[in-house]
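Undergrad: any chance you could fold what I've pasted below:
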Amino acid sequence: MLKRLLVGLVVTAFLVVTTAAFGASPPSASSESAKEVREATPGATPGNPFPSPHGLRIRGAHGYSIVLNASPGASGNVGRLHVAASGRAGRVYYSARVDLRNEGLKANLGRFGRVDLRWVPAGGVSEVTERCHHHPRRFFFVTGAYVGTLRFRGGRGFTTARARRVVWRRAWYADASICSLGIQEGTPGPGEHLEAGAKGTKKLWQSPTSLDMVQEKQGAPIAYEARQNERVGQVGLERVAWAWAGGKTLNFEPDFSSAEIHPPAPFSGSARFEATKGSRGSWLGDLLVDFPDRPDVRLAGKTFEASFESYFHVVREEL
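TA: Coordinates of the predicted model:
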């Protein structure tokens, strides 16, 4: 049983185009030596660096961090631009088509702004070293700056950002890791897992508005995460809000027939689960969540249902 990770278990790493490089397998080398293969891999050597970062990070208003990350498509010239506006208890993702010709970034974010940047190389090459456990790998980038127009305004103005010139910085990669995550989860286990979403949805976490709660074992902190998906014109949005809380925010029967939660801010109110069939049941209450750009979103009621079960969730880093 695989699902997206709860925010408490997510590794938030700013890898930009190197994300693909980290996960990619080198080309098959029947007649080529390992050295030749490495030299042919973009970013692997000073002589063949990444020509641009395909993304950037800047500060937004009200304590938010704004990260742009472009994913090239099959042609390499057109892809998707992902903009993440992240704060202490929530994040909003925006996704739109991006033109990557000439190593630039050009995207129309509709009411949320516009990106029209060209990459201007500075003529140098800089090294970034990442580690997985004790295994370092080096990656090389052409230094330079994005120049042009960057305007961003989150919904309800929860954050804004403007830039005319953004210089490449090694510090963008300070939290990055080349480790992939191995995930095992299922039931039964020493912890509890609750999901809530639209009634009748096959997978509740795929509902337009959903809630996840995980306690890996009794006595451990509880992770709460709410999500909401929306499309505004040509821009896809995903809202996320989260909280860590103590065990007293969850009360449940040992047979998992009922449960009640009252998580802390940015959540408010409470909700109660009563089993009706298997692990699924009703999900009633006045539970609300404040997303960064949308307050007082309902997370319980007659249009919702939930599942609640014994659970285990193990995350490990892998090379």
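Undergrad: contacts for stretch 260-274 next, please.
TA: Contact partners of stretch 260-274, identified using C-beta atoms under 8 Å, 6 or more residues apart in numbering, comprise 89-90, 194, 196, 213, 222, 224, 226, 241, 243, 245, 249-252, 257-259, 281-291, 299-300, 306, 308. Placement of C-beta: from N, CA and C, glycine included.
Undergrad: among these, which are in strands?
TA: The strands, defined by DSSP state E, take in 90, 194, 196, 213, 222, 224, 226, 241, 243, 245, 250-252, 258-259, 281-285, 288-291, 306, 308 from these.
Undergrad: now these: which count as buried?
TA: Those of these that meet the buried threshold are 90, 194, 196, 213, 222, 224, 226, 241, 243, 245, 250, 252, 259, 281-285, 288-291, 306, 308, by 16 or more other C-beta atoms under 10 Å.
Undergrad: any idea how far C179 is from V315?
TA: According to C-beta to C-beta, to the nearest Å, C179 and V315 sit 11 Å apart.
Undergrad: surely R91 meets V240?
TA: Yes - counting by C-beta atoms under 8 Å, V240 is a contact partner of R91 at 4.7 Å.
Undergrad: so what's the nearest residue to P72 once chain neighbours are set aside bridging to?
TA: Closest residue to P72 apart from its sequence neighbours, by C-beta to C-beta, 6 or more residues apart in numbering: G79 at 4.3 Å. Going by DSSP bridges, G79 is paired in beta bridges with P72, V98.
Undergrad: G79 and A70 touch, don't they?
TA: Yes - judged on C-beta under 8 Å, G79 makes contact with A70 at a distance of 5.7 Å.
Undergrad: overlap of the contact sets of those two?
TA: By C-beta under 8 Å, 6+ apart, G79 and A70 have these common neighbours: V98, L100.
Undergrad: can you get me a residue count around A171?
TA: 9 (other C-beta atoms under 10 Å).
Undergrad: likewise for the one 5 residues further on?
TA: For A176, the number of neighbouring residues by other C-beta under 10 Å comes to 21.
Undergrad: and for the one 3 residues further on?
TA: Using other C-beta under 10 Å, C179 has 18 neighbouring residues.
Undergrad: give me the phi and psi for L204.
TA: Note on L204: its backbone torsions stand at phi -60, psi -30 [degrees, to the nearest 10].
Undergrad: burial of the residue nearest to it when sequence neighbours are not counted, as a residue count?
TA: Excluding its sequence neighbours, the residue lying closest to L204 (C-beta to C-beta, 6+ apart) is G197, at 3.4 Å. G197 has 25 neighbours, counted by other C-beta under 10 Å.
Undergrad: same thing with V315?
TA: 16.
Undergrad: and E103, what is it in contact with?
TA: The contact partners of E103, by C-beta under 8 Å, 6+ apart, come to P51, S52, H54, R118, W119.
Undergrad: try 7 Å this time
TA: By C-beta atoms under 7 Å, 6 or more residues apart in numbering, the residues touching E103 are P51, S52, W119.
Undergrad: format these as CSV; extra columns: neighbour count, pLDDT and distance to L100.
TA: Shown next, in CSV, are the contacts of E103 (neighbours: other C-beta atoms under 10 Å; pLDDT from 0 to 100; distance: C-beta to C-beta, whole Å):
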residue, neighbour count, pLDDT, distance to L100
P51, 16, 95, 11
S52, 25, 95, 9
W119, 20, 98, 10
